[in-house]
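# Sequence first, then the predicted structure:
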Amino acid sequence: MAGANYNDLIAWKKAFDLALVIYKATSFFPADERYGITAQLRRAGVSVPSNIAEGQGRNSKNEFRHYLSIAQGSLKEIETQLQIARALGYCGNKQIALLLSLTAEVGRLINGLSKSLMTNH
């Protein structure tokens, strides 16, 4: 899509930051979770900014919105996996609250971006 580069988008910047925070938080998870919830959370975290970038690089607003929808799905994965991590005692309530807050913020930004693609001609 013509216009700003994906890394100029606030939604992408915040999603990128979320991915970094997820990587840092999961570095303290148990070693036996390396291929379990640690990997799942990291993949979902990386998926969000990656799908925003890929969608922005597509040739239509509809395709961009499709990739934003995928990014939203990845955010729901992150939320679920964070709740599991909390239940297993891998993260404290304070860190989970921060991560869920960042996830919600990214979700609002993606939702706003998606809505703007419907209204802009």
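Great, that's in hand.

# which residue packs closest to the residue positioned nearest the centre of the chain, ignoring adjacent ones?
Residue closest to the average C-alpha location in the chain (C-alpha atoms, centre = their mean): Val48, at 3.5 Å. In space, and not counting its chain neighbours, Val48 is closest to Ala15: 4.2 Å by C-beta to C-beta, 6 or more residues apart in numbering. Quick note: C-beta positions are derived from backbone N, CA and C, even for glycine.

# Find the helix or strand that the one you found is a member of.
If you go by DSSP states H and E, Ala15 is part of helix 10-26.

# Same question for the helix or strand that that helix is followed by: list its buried residues.
Next helix or strand after helix 10-26 toward the C-terminus (DSSP H and E): helix 37-56. Buried residues in helix 37-56, defined by neighbour count with 16 or more other C-beta atoms under 10 Å: 37-38, 40-42, 44-56.

# Okay, now the unreliable bits of the protein?
1-3, 120-121 (pLDDT under 70).

# My guess is Pro30 contacts Ala85. True?
No. Counting by C-beta atoms under 8 Å, Ala85 is not a contact partner of Pro30; they are 10.4 Å apart.

# Which one of these two is surrounded by more residues?
More crowded of Pro30 and Ala85, by other C-beta atoms under 10 Å: Ala85, with 22 against 12.

# mind listing what that one touches?
Phe29, Ile37, Leu41, Cys91, Ile96 (C-beta atoms under 8 Å, 6 or more residues apart in numbering).

# Alright, I will stop here.
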